[in-house]
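*Asks:* My questions are about this predicted structure, shown below with the sequence.
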Amino acid sequence: MHEEFSVCGLEDFGALRFRGADAVRFLQGQLSSDVSHLAAERSLLGGYHSPQGRTIALLRLVHLGANEVLAILPRELAAPVAQRLAKFVLRSKVTITDESAQWRIAGLICEGSAGLAPGATPLPSSSGMQRRFGERIVVCVGEHPPRWLELCAHVQPRRPNGPEPGVANGLELCPRASSPMPAAAPASRERWRELDVRAGLPQVYAATSEQFVAQMLNLDAIGAIAFDKGCYTGQEVIARAHYRGRVKRRLQRFLCRGPLALAPGDSGSLPDGRSFTVVEAARLADGRCEFLAVTPLADAQPESPGTEAASTLEAQPLPLPYPLPE
């Protein structure tokens with residue numbers, strides 16, 4: 001079986017670093033996932049929410065070492081989220097630093113139509129699993145197709161008389177040849193967005209921060225909410241939505257039949273009158289757009305007449321790892 005790989009830069013993503021004896025305990029009280037399950041072989045998705053249960057940011061947590069956690073999120077949210085979390089540190093033994101400039105973040109994709117052969121690479125094969133190869137950390141974030149986040153800390157060049165070849169801004173990147181990473185062709189950032197959309201994986205950007213209660217983004221269906229853990233910010237609202245009533249608006253996937261440009265935060269109407277707000281969108285090679293949007297469920301009452309542009313939209317299935325609650 002032959003595997004083909006591609007790699008794309010995710011320069012629009014940043015990183016927050018949490019250090020200290022209370023780092024995990026602090027995050028456990030702030031995020032909706034059970035951070036106690038974070039381990040050297042396992043990363044987690046966690047939502048950071050307002051007291052009203054609305055999602056401020058979605059973080060990919062990565063274990064760096066004892067009492068050290070790296071959180072990956074859109075770079076535009078890194079500083080605001082760090083500042084907001086810092087208000088709750090109080091006497092906890094934890095420091096929060098924005099290390100977006102110190103980490104190279106990329107996405108690796110197995111493009112082969114047959115998928116990844118068992119044992120073909122030493123890369124982690126199950127979603128959420130992570131492995132470390134020297135200074136490089138690799139996290140599996142999808143299985144259909146297989147894909148991974150590559151995290152590599154910039155290191156200072158060893159030569160004192162100026163940067164070496166391949167060094168940018170005085171910082172040297174981890175070379176791919178120094179680890180068991182497969183050879184990969186360049187891919188566009190849009191390709192990574194397309195796979196996020198098709199997998200039903202939401203993202204929260206500045207344009208959509210605090211717009212949606214956690215379940216509207218299907219965080220309960222992608223393992224980013226633990227209902228059996230202790231209290232965290234926004235827990236009361238999120239738990240009430242889970243135990244007492246059906247969530248009437250959910251993240252759903254759509255495909256445009258014709259050319260249409262959409263971006264997170266854009267809104268419109270479906271042909272049946274339901275309104276939608278875009279969460280993530282990918283421009284396809286043929287000019288069409290595939291996107292995730294929060295909209296009332298199909299049996300909800302229409303809110304307004306559909307528009308001509310929206311009549312070109314068609315719903316697509318979501319391959320979620322966990323079923324949506326009834």
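*Replies:* Arrived safely, thanks for sending. Numbering: from 1, shown residues only.
*Asks:* got a list of what the residue nearest to the spatial centre of the chain touches?
*Replies:* Taking CA atoms, centre = their mean as the criterion, Q203 is the residue nearest the geometric centre of the chain, at 5.3 Å. Contact analysis of Q203 by CB atoms under 8 Å, 6 or more residues apart in numbering lists L58, P74, D196, P264, V279, E280. For the C-beta atoms, the positions are set from N, CA and C on the backbone; glycine is no exception.
*Asks:* separation between the first one and F26?
*Replies:* Going from L58 to F26 by CB to CB, to the nearest Å gives 18 Å.
*Asks:* between the two, which one's more packed in?
*Replies:* L58 (27 against 22; other CB atoms under 10 Å).
*Asks:* all strands in the stretch 1-150 of the chain, in order from the N-terminus.
*Replies:* Taking DSSP state E, counting those that start in this stretch as the test, the strands found in the stretch 1-150 of the chain are 5-9, 13-19, 44-49, 55-65, 68-74, 95-98, 103-110, 130-133, 136-143, 146-153.
*Asks:* Of these, give the one that comes closest to A239.
*Replies:* Among these, strand 44-49 comes nearest to A239, with 11.5 Å by CB to CB.
*Asks:* Select from the contacts of Q203 the one having the most neighbours.
*Replies:* Going by other CB under 10 Å, V279 tops the contacts of Q203 with 29 neighbours.
*Asks:* Give me the contact list for the helix or strand containing it.
*Replies:* Assigned by DSSP states H and E, V279 belongs to strand 275-283. Applying CB under 8 Å, 6+ apart, the contact partners of strand 275-283 are 190, 193-194, 196-197, 201-204, 208, 211-212, 217, 251-252, 254, 261-270, 289-296, 303-304.
*Asks:* coming back round to it: quick check: phi and psi on the residue nearest to the centre of the chain?
*Replies:* phi -140, psi 150 (degrees, to the nearest 10).
*Asks:* One more: the one 4 residues further on?
*Replies:* When quoted as degrees, to the nearest 10, the phi and psi of A207 stand at phi -70, psi -20.
*Asks:* R240 versus that one, what's the distance?
*Replies:* 27 Å.
*Asks:* what does K229 give?
*Replies:* 16 Å.
*Asks:* Distance from the chain centre to stretch 314-326, please.
*Replies:* In terms of CA atoms, centre = their mean, to the nearest Å, the centre of stretch 314-326 is set 17 Å apart from its chain centre.
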